[in-house]
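> the sequence and its predicted three-dimensional model are supplied below.
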Amino acid sequence: MIQVKRLVKRFGPLTVLKELDFEVRSGEFVALLGPNGAGKTTLLRILSSLSKPNSGLVQVASYRLPEGAVSVRAQLGVVSHQPLLYGDLTAEENLSFFARLYGVEKPRIGDVLDLVGLSRRKSDLVRIFSRGMQQRLAIGRAILHNPRILLLDEPHTGLDQEAGEILDKLLREIALEGRTVVMTSHDLIRAAELASRVDILSKGKIKASTETSGLGSAELVSFYREVLQEAGGAA
Amino acid sequence: MKSYLNAVRAVIWKDLTAEWRTRENLSAMLVFALLVILIFNFALELDIQAQESLSAGVLWATFIFAGTIGLNRSMAVEKDRGCLDGMLLAPVDRSVIYFGKAIGNLIFMLLVEIIVLPVYSFLYQVPVFQPGFLLVVLLGSIGYVAVGTLLATMVIQVRTRDILLPILLFPLTLPVIIAAVKASQGFLQMVPLDDIAAWLNLLIVYDLIFTSVAFMVFDYVVEE
């Protein structure tokens, strides 16, 4: 579903991704872990066609980027640590706006509001929503057009325990629908619980990858530390 | 084509709905424009001759300064919560965003102009309600907004965007400002149409060129 080979991304003199190889099969839930500055967000921005690579092959849902960007965007839902929502519009108006951009029929908006548990608050302005509610609506925006792939960039940032658990439940439901999910995170325990595979990114490269089945959170934490120590600490 | 126009309409609808709710942008533009008109009126009151010859310039200086406030605020909304990224992720041609934002900005500018023009006409005793003059206002506003929306998008990532936008925008829109002032002055002083035609043509050509250029380069402007 996602194939990345020898990907290089530079920002001026700084090379953020260094000949990175990465692959995600259809229906997989992959958690991308790594220290700050490892290149996780940059990788997601390239996969979502918001940023262009300097070199290397990037293929998403059988379309090559950046040439097939419009087709890729139709297959993608993206949740960032920013909500990508308008504070002065209501929840329903926000979804209605994005539905029109994506060419989605109106009844789907109600379904999505139900799914993210915001039907009763659909007429409230997003700016008065709590961070957790905004993030749930952001997920609603991301799945509005029924994408095959979901890219989540630290979706739990700024959420309290309860809001985080609601978000986890929602992500599990979405993953069960057979979508391919790539999520960046700093929360190793959460990653172990949600994802089917964990990849560790450091200094612009995937340093290690492991399946999470049968792997406890304590084991994942020690595995993560070992990998980063071998890689020479933080990026 | 239908989905393209639907998407453009969606961007306009979104901007108008949000503005209708807060009226932040329009009120800031309007108060600023009325203050400028009023201050210039007092400054030029003693010199009737100067007032007659400068009034078109005063009007356009007012529109341009108020327009810059509008352009800055309109793009700041997109930057605040990463909303521009939200639009860029949609599977539509990115020029949709440009046209949607530009038409939204033009509507705001025209609304301010509709309110400012009668006040200007009363204070400066000039006949603004003539088709030729109103056409100049429309063409000048289109040219200004066409370039302004593109530049406002370019500087959106810059911390000093409020300062940078006018620095980049005013030199680039100099031809449209000069043509608009000259054509407006011509209509206000009842100069024959033949003498104004060249300025009107310049406005039309400028609008066409810069709208086309913006359409072609917008994808590169929003690229990271």
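Arrived safely.

> so which elements touch whichever strand or helix holds residue A:181?
Assigned by DSSP states H and E, residue A:181 falls within strand A:180-185. The contact analysis (3 or more Cβ pairs under 8 Å, 6 or more residues apart in numbering or on different chains; DSSP states H and E) places strand A:180-185 against strand A:29-33, helix A:40-47, strand A:149-153, helix A:161-176, helix A:188-194. Backbone N, C-alpha and C define where each C-beta goes, glycine included.

> make a markdown table out of those and add mean pLDDT, mean neighbour count and distance to chain B.
Putting the helices and strands packed on strand A:180-185 into a markdown table (pLDDT from 0 to 100; neighbours: other Cβ atoms under 10 Å in any protein chain shown; distance: least, Cβ to the nearest Cβ, whole Å) gives the following:
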| stretch | mean pLDDT | mean neighbour count | distance to chain B |
| --- | --- | --- | --- |
| strand A:29-33 | 92 | 25 | 19 |
| helix A:40-47 | 93 | 23 | 7 |
| strand A:149-153 | 93 | 24 | 10 |
| helix A:161-176 | 82 | 15 | 17 |
| helix A:188-194 | 85 | 20 | 22 |
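
> residue B:217: which of the ones you listed is closest?
Smallest distance to residue B:217 across the helices and strands packed on strand A:180-185 (Cβ to Cβ): 21.1 Å, for helix A:40-47.

> got the buried residues for the helix or strand following the closest one?
Sequence order places strand A:55-60 as the next helix or strand after helix A:40-47, per DSSP H and E. Buried positions in strand A:55-60, judged by neighbour count with 16 or more other Cβ atoms under 10 Å in any protein chain shown: A:56, A:58-60.

> tell me the buried residues in the helix or strand bottoming out on mean pLDDT in chain B?
Here the helix or strand of chain B ranked lowest by mean pLDDT, DSSP states H and E is helix B:48-80, holding a mean of 88. The neighbour-count criterion (16+ other Cβ under 10 Å) identifies B:51-52, B:54-75, B:77-78 as the buried residues of helix B:48-80.

> near chain A, which of the residues you listed show up?
Among these, the residues within reach of chain A (Cβ under 8 Å from any Cβ of the partner chain) are residue B:77.

> kindly report the residues of chain B close to chain A.
Remark: the part of chain B in contact with chain A comprises B:3, B:6-7, B:9-11, B:13-14, B:17-18, B:21-22, B:77, B:80-83, B:85-93, B:96, B:223-224, using Cβ under 8 Å from any Cβ.

> so who does the closest residue to residue A:89 other than its chain neighbours touch?
With sequence-adjacent residues excluded and distances taken as Cβ to Cβ, 6 or more residues apart in numbering or on different chains, residue A:89 is closest to residue B:18, at 5.8 Å. Contacts of residue B:18 were listed using Cβ atoms under 8 Å, 6 or more residues apart in numbering or on different chains, and they are A:86, A:88-89, B:77.

> so which of these comes closest to residue B:32?
When the contacts of residue B:18 are compared against residue B:32 (criterion: Cβ to Cβ), the nearest one is residue B:77, at 18.0 Å.

> the host helix or strand of residue B:87: how far from the chain's middle?
Using DSSP H and E, residue B:87 sits within helix B:83-88. Mean C-alpha position of helix B:83-88 versus that of the full chain (Cα atoms, centre = their mean, to the nearest Å) differs by 23 Å.

> neighbours of residue 120, how many?
In the absence of a named chain, this looks at chain A. When counting by other Cβ atoms under 10 Å in any protein chain shown, one arrives at 9 neighbours for residue A:120.

> try again with chain B
Neighbourhood size, residue B:120 [other Cβ under 10 Å]: 24.

> for it, what are its contacts?
Counted by Cβ under 8 Å, 6+ apart, residue B:120 has contacts B:37, B:55, B:59, B:62, B:126, B:128.

> got a pLDDT number for the nearest residue to the fourth one once chain neighbours are set aside?
Residue nearest to residue B:62 in three dimensions, not counting chain neighbours: residue B:36, with 4.4 Å by Cβ to Cβ, 6+ apart. Predicted confidence (pLDDT) at residue B:36: the value is 94.

> these two touch, right, residue B:36 and residue B:59?
No - in this structure residue B:36 lies outside contact range of residue B:59 using Cβ atoms under 8 Å: 9.5 Å.

> still on that earlier bit, just the buried ones from the residues of chain B next to chain A?
Here, 16+ other Cβ under 10 Å leaves B:7, B:10-11, B:13-14, B:17-18, B:77, B:81-83, B:85-93, B:96 buried among these.

> list the beta-bridge partners for the residue nearest to the spatial centre of chain A.
Most central in chain A under Cα atoms, centre = their mean is residue A:152, positioned 1.4 Å from the mean C-alpha point. Counting by DSSP bridges, residue A:152 is bridged to residue A:79, residue A:183.

> test my guess that it contacts residue A:187.
No - counting by Cβ under 8 Å, residue A:187 is not a contact partner of residue A:152; they are 11.9 Å apart.

> so where's chain A uncertain?
The model of chain A has pLDDT under 70 over residues A:233-235.

> get me the contact residues on it for chain B.
A:45, A:48-52, A:70-71, A:73-74, A:76, A:78, A:80, A:82-89, A:93, A:97-98, A:100-103, A:125, A:141.

> restricted to buried residues, select those residues in PyMOL.
To isolate the buried members of those in PyMOL, using 16+ other Cβ under 10 Å:
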select buried, chain A and resi 45+48+49+50+51+71+73+74+76+78+80+82+83+84+85+86+87+88+89+93+97+98+100+101+102+103+125+141
